[in-house]
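Student: got a structure for you, letters missing:
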């Protein structure tokens, strides 16, 4: 069975600092990988996705993630944090081509300190 | 387009009561699904549907029923609510990409329903 592990349920960074949110997956076949963001009291919004094209994926709001098959990782980064980035971030995987039976990680709550 | 609309936004139930969480989408999406979100556990798939008249179970289906009589609507029924069903429920939809001959890779989520069972 597929699983996703997000290291760190809470991450706190200063405004302007690097954001790094870690995600590792287990999958017997090359998966599709996603990062979703959830702002307070809202639904989930797609940040970016990896679908077997370029391994470095750029998303919205300056975020990007790199698919590393050898490390089974899909870490999310942003060079300079902004106060508006404060939210909960979810890594997710689906085994088949866009089959949508998403398996989510536990989530990482990102706090930005002024 | 309104996208995916969930009602109600908040609900408090007593143990044993029944209710239906509504989900509607106006994007003509074939695929619809229900997730529950619990602290420290991310989102878990309850039920899903690949089209009208077709439903299937996800990871945590016990205690929930669904039906899909139209493309637009995918209600989630709790027949006898239990405190363990206290959660935030999200409905999501997606579509079959005829050009790529596969499901679109993005899921579109509603705003969620916060349910408390006392």
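Tutor: Cool, the structure landed. Please read these numbers as outputs of a predicted model, since none were measured by experiment.
Student: residue B:50 contacts residue B:71, correct?
Tutor: No. Between residue B:50 and residue B:71 there is no contact under CB atoms under 8 Å: 11.0 Å. Quick note: C-beta positions are derived from backbone N, CA and C, even for glycine.
Student: shared neighbours, the two?
Tutor: Taking CB atoms under 8 Å, 6 or more residues apart in numbering or on different chains as the contact rule, residue B:50 and residue B:71 both touch residue B:30.
Student: which parts of chain B are strands?
Tutor: Ranges of strands in chain B, per DSSP state E, are B:4-7, B:10-13, B:19-25, B:31-38, B:42-51, B:54-57, B:64-66, B:76-78, B:87-94, B:96-97, B:102-103, B:108-109, B:113-117.
Student: ditto for chain A
Tutor: Counting by DSSP E, the strands of chain A are A:3-7, A:10-14, A:19-26, A:32-38, A:44-50, A:56-58, A:64-68, A:73-78, A:87-94, A:103-104, A:108-113.
Student: residue contacts, residue B:115?
Tutor: Contacts of residue B:115 (CB under 8 Å, 6+ apart): B:11, B:12, B:13, B:21, B:78, B:81, B:85, B:86, B:87, B:88, B:89.
Student: which of those are buried? Put it as a ChimeraX command.
Tutor: A single ChimeraX command selects the buried members of these (16 or more other CB atoms under 10 Å in any protein chain shown):
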select /B:11,13,21,78,81,85,86,87,88,89
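Student: tell me the mean pLDDT over stretch B:24-34?
Tutor: Confidence over stretch B:24-34 (mean pLDDT, whole number) is 95.
Student: what average pLDDT does stretch A:32-50 get?
Tutor: Rounded mean pLDDT across stretch A:32-50 is 91.
Student: before we move on, what about stretch A:6-13?
Tutor: Per-residue scores along stretch A:6-13 average to 95.
Student: least confident of the strands of chain B, on average?
Tutor: For the strands of chain B, where the average pLDDT is lowest is strand B:102-103, sitting at a mean of 78.
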